[in-house]
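Novice: structure, please.
(chains A and B)
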Amino acid sequence: MDMSKYREMFLSESREHLKKMSRLLIALEKNPADREGIDALFREAHSVKGMAASMGYERTAELAHHLEDLMDGFRSTGAVPPPAVDHMLEGLDLLEGLLGDVAAEHPEREVAGFIAGQGKTSPAPAADPPPRGREQAKAPAVEPEGKAETRGAEAARSWRIVATFAEGTVAPAARALLALRGLAALGTVTHSEPGEEALKKGASPRALEVRLQSGRAAEEIEKTLQAMSDIAEVSLVEVVEPAAAARTPRRGEGHRTVRVRTDLLDTFINLTGELLTSRYMLQAAAQAERWKDLSGGLDQLARLVTDLHHHVLQVRMTPLESITGRLPRLVRDLERKTGKQVALRIEGEEVELDRAILEELADPLVHMVRNAVDHGIEERGEVQVRATREKDLVLLEVADNGRGMDPEAIRRKAQERGLLSAAQARGMRERDLLQLVCHPGFSTAEQVTETSGRGVGMDVVKSAVESLGGSLEIQSQQGRGSRMLVKLPLSVAIIQILLVESDGFLVGLPITKVQRTLEVTREEIRSSGRQLVIRLGDEMLPLLSLRKILRQPNRPFGGGIQIVVSEIRGRRVGLVVDRLAGQREVFVKALEYPLNRLPGVSGATVLGDGSILFIIDPQTMLDERPAGVSAAAPGEAR
Amino acid sequence: MEQVLTFRLGAEHYGLEIAHLQEIVESPPIYQVPRGADWLLGAINVHGSILPVLDLAALLGFDNRERDPRVIVLSREFGRLALAVAALGKIVPLDPDALLPVQQQEQQTACIRGVLNLEADMVNLLDMERLLGSLEKI
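Specialist: Predicted coordinates:
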């Protein structure tokens, strides 16, 4: 039997089980004798075992069986001992690796080592669990060398490597650079924390975290690092990236599976039936030229289509839980790494969002939580993730009660980095200053994170949120914590757009990007340096021309000038357009390759007359402009 | 026997296996794409789907503005997209054994995977994989 079509379903279901298991385990760590938790965990492991066995994934089944056995043991003793939680979590990591193998159609990796290693039902009586880094290193390393090599020849795998330097290491930056180069020789370094630039500037890290893509065996990578002096500890974990395939969206996307409630399917069938009836009625009315019936039939058709549309969107709705599931584990690992005590509170996991939005939101969410723990909280504190519905929006909030951000430090840094002139820096309100941590140049500046408590990767978070048609707001009070507020549409499929015309060419701007529109006269436009500006209240708004952004010929100003006020890189700007052509709700269609590669084109829609309208994101288009256009001077509208 | 749709780009004759086509669309309105490359002629609406139209002549470096009003819509295996060419020609049978090999250099620059020798013409058989692969690099 061809099992391949069931594989996707197996993978998505198993991954859900794994997420639940990880969450249950972390709850059990805090409350080891929770009978319900133990039972639930047993059932999850049992489900994975059953599914894997029926699909013929023997090693996955074997490992799930092993975990199930362990849980069965705990059912009889009545509690999960703390060291067992570590072992189980490692088992989950290994299971995830196995699912990665299945997804990539590799042979499943070896599990016997893991099971034989510590696979006793009663956990080893060791007082302290061994340092986590070492422990993790074992999981991938149990693989027989020969096999690892063959697989290495097939495809590079992705590793997360953390090298910790010995206490009192002299010149850790230099050591880190050497280690980085050593690793680069084994494969491709896709990310390093701190980065090479920061190291060259003399950062003094206690540890180096590297993402490496390499076909080499785990042992070889580990050996290379351990051969270097002053590296006290190496941890090596294979990162399974299910998104790897999705990240290089060539033409067409792979098949994805969604589980749909049967009652929803029934509704579809009923609606389709009604649509058919409606069609015959219309055909009959048209044939007999009964115009009144025709118009009545069209009304009914419109109602059915709206209904169908509403239900189709329901299929794509998924609870937020599907991406918050991994947060407890993340926070636990961060607690271990940093020695901080962090209470994680998650609220509103039942709030539903479009699946496409959730997928894009997963990484930014992890980023924000990680930032809150790493930079917000000092020794102990609380991180709160809260989701609420507000009409057609979902509000997602990541808040901590840590030290908060220092606006003065941000002001100073922004000026030093040339993002703001002295005058601009002085004139900027506190609220706007905080937004600067989302500037790409800002977030890589390591010193900023030290003084301000934030900044790492916030540019990535912001652009991800905005590409979904949402917005990001940052609030912070020194000593009282920070709050990242993300506003998102429920669905990316239907959005409100503002139609604007530029050189006879109609494009759409998502309404979420539009703060207001206004018309000014030629006389109201001033020039400030090389920049054209207008006064808006007590603010000087820099002007940008949509024609210029779209690389169309310029035209002289005349008469009323139409301006769309929008935010670009955290600053308000006025977008000069030729004509405003109204607002409407549109169904956004996914774009086919290579249209989906055009920077700044976020989608397209077919209007009532069959014409195609592209929806653009001016910020991304600006970012694509060659050679450093700084945020301080975002183009001129001449 | 397999068949090939022939078309012209500049002075060259090209061909594409019929199996790779979904349909030929008669002069659809082509909508401009914001900041599209010069080989991206625009987008067309085919049965409610938005498909990109690639200007094959521009893509392969032909300096020619001539364009057939009809566009070729490719089958799904290559992703959904349409090709504009200078002039569509006739459909001819393809005998795999009669296909002449081409030099590696030509394969790369002109995206050809073989040459079909008809009575009067040489028809370059388009290598779609390579063509689309070359787009990835742009």
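Novice: what residues does residue A:182 make contact with?
Specialist: Neighbour list for residue A:182: A:224-225, A:228 [criterion: CB atoms under 8 Å, 6 or more residues apart in numbering or on different chains]. All C-beta spots, glycine's among them, are computed from the backbone N, C-alpha and C.
Novice: nearest to chain B, of these?
Specialist: For the contacts of residue A:182, the minimum distance to chain B (CB to the nearest CB) is 32.7 Å, reached by residue A:224.
Novice: and residue A:472, how far is that from residue A:283?
Specialist: Remark: distance between residue A:472 and residue A:283 (CB to CB, to the nearest Å) = 51 Å.
Novice: let me know the pLDDT of the residue of chain A positioned farthest from its centre.
Specialist: Most distant from the centre of chain A: residue A:288, at 56.4 Å, with distances by CA atoms, centre = their mean. Residue A:288 is assigned a predicted lDDT (pLDDT) of 91.
Novice: figure out how far stretch A:555-566 is from the centre of its chain.
Specialist: If you compare the mean C-alpha spot of stretch A:555-566 with that of the full chain, they lie 37 Å apart, counting by CA atoms, centre = their mean, to the nearest Å.
Novice: now do stretch A:38-55
Specialist: Between the mean C-alpha position of stretch A:38-55 and that of its chain there is a distance of 28 Å (CA atoms, centre = their mean).
Novice: ditto for stretch A:569-583
Specialist: Between the centre of stretch A:569-583 and the centre of its chain there are 28 Å (CA atoms, centre = their mean).
Novice: same question for stretch A:497-516.
Specialist: Distance of stretch A:497-516 from its chain centroid, counting by CA atoms, centre = their mean, is 27 Å.
Novice: wondering if that stretch reaches chain B at all.
Specialist: Yes. Residues of stretch A:497-516 contacting chain B under CB under 8 Å from any CB of the partner chain: A:505, A:507.
Novice: what residues sit buried inside that stretch?
Specialist: A:497-500, A:502, A:505-514 (16 or more other CB atoms under 10 Å in any protein chain shown).
Novice: and the furthest pair within the residues you listed?
Specialist: Of all pairs drawn from the buried residues of stretch A:497-516, the one with the longest distance (CB to CB) is A:505 and A:512, at 22.0 Å.
Novice: and residue 21, how many neighbours does it have?
Specialist: Here I'm looking at chain A. 27 (other CB atoms under 10 Å in any protein chain shown).
Novice: that's the other chain; I wanted chain B
Specialist: Here the neighbour count serves as a burial measure; for residue B:21 (other CB under 10 Å) it reads 15.
Novice: check which helix or strand covers residue 54.
Specialist: Let's take chain A. Taking DSSP states H and E as the criterion, residue A:54 maps to helix A:35-55.
Novice: sorry, I should have been clearer: chain B.
Specialist: If you go by DSSP H and E, residue B:54 is part of strand B:49-55.
Novice: can the helix or strand following that strand be found next to chain A?
Specialist: For strand B:49-55, the following helix or strand on the C-terminal side (DSSP H and E) is helix B:56-59. No. Remark: helix B:56-59 sits outside contact range of chain A, by CB under 8 Å from any CB, the gap being at least 10.7 Å.
Novice: what's in contact with helix B:56-59?
Specialist: Outside of helix B:56-59, the residues within contact range by CB under 8 Å, 6+ apart are B:9-10, B:14, B:38-39, B:41, B:64, B:66-67, B:83-86, B:131, B:134-135.
Novice: averaged pLDDT, that helix. What do you get?
Specialist: Along helix B:56-59, the predicted confidence averages to a pLDDT of 90.
Novice: give me the buried positions along the strand holding residue B:54.
Specialist: Counting neighbours by 16+ other CB under 10 Å, one finds that the buried residues in strand B:49-55 are B:50-55.
Novice: repeat for stretch A:594-601
Specialist: Within stretch A:594-601, the residues that qualify as buried by neighbour count (16+ other CB under 10 Å) are A:594-598, A:600-601.
Novice: in its sheet, what does the helix or strand where residue A:497 lies sit against?
Specialist: For residue A:497, the element it lies in under DSSP H and E is strand A:494-502. Here the strand partners of strand A:494-502, with direction, are listed using DSSP bridges: strand A:505-510 (antiparallel), strand A:579-587 (antiparallel).
Novice: for that strand, the distance to its chain's centre please.
Specialist: From the chain centre to the centre of strand A:494-502 is a distance of 26 Å (CA atoms, centre = their mean).
Novice: tell me who's in contact with the residue nearest in space to the middle of chain A.
Specialist: In chain A, the C-alpha nearest the mean C-alpha coordinate belongs to residue A:363, at 2.5 Å (CA atoms, centre = their mean). Shown in contact with residue A:363 (CB under 8 Å, 6+ apart): A:460, A:464.
Novice: do you know how far it is from residue A:435?
Specialist: Taking CB to CB as the criterion, residue A:363 is separated from residue A:435 by 20 Å.
Novice: residue B:102 contacts residue B:111, doesn't it?
Specialist: No. Between residue B:102 and residue B:111 there is no contact under CB atoms under 8 Å: 10.5 Å.
Novice: which of the two has more residues huddled nearby?
Specialist: More crowded of residue B:102 and residue B:111, by other CB under 10 Å: residue B:111, with 22 against 16.
Novice: give me the residue from the stretch 51-200 of chain A nearest chain B.
Specialist: The nearest approach of the stretch 51-200 of chain A to chain B comes at residue A:188, 18.3 Å away (CB to the nearest CB).
Novice: sorry, back to before: who has more neighbours, residue A:472 and residue A:283?
Specialist: The residue with more neighbours, out of residue A:472 and residue A:283, is residue A:472; 22 against 12, by other CB under 10 Å.
Novice: name the helix or strand for residue A:158, please.
Specialist: Under the assignment given by DSSP H and E, the secondary-structure element containing residue A:158 is strand A:157-165.
Novice: partner strands of that strand, parallel or antiparallel?
Specialist: The pairing partners recorded for strand A:157-165 under DSSP bridges are strand A:207-214 (antiparallel), strand A:231-239 (antiparallel).
Novice: CA atoms only for it - export them in PDB, please.
Specialist: Taking Å, rounded to 0.1, in the frame of the first residue of the first chain, the C-alpha atoms of strand A:157-165 are listed here in PDB:
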ATOM      1  CA  ARG A 157      22.000  18.300   8.700                       C
ATOM      2  CA  SER A 158      21.300  21.300  10.900                       C
ATOM      3  CA  TRP A 159      23.000  21.500  14.300                       C
ATOM      4  CA  ARG A 160      22.600  23.800  17.200                       C
ATOM      5  CA  ILE A 161      25.900  23.900  19.000                       C
ATOM      6  CA  VAL A 162      26.700  25.700  22.300                       C
ATOM      7  CA  ALA A 163      30.300  25.900  23.300                       C
ATOM      8  CA  THR A 164      30.800  27.200  26.800                       C
ATOM      9  CA  PHE A 165      34.200  28.700  27.700                       C
END
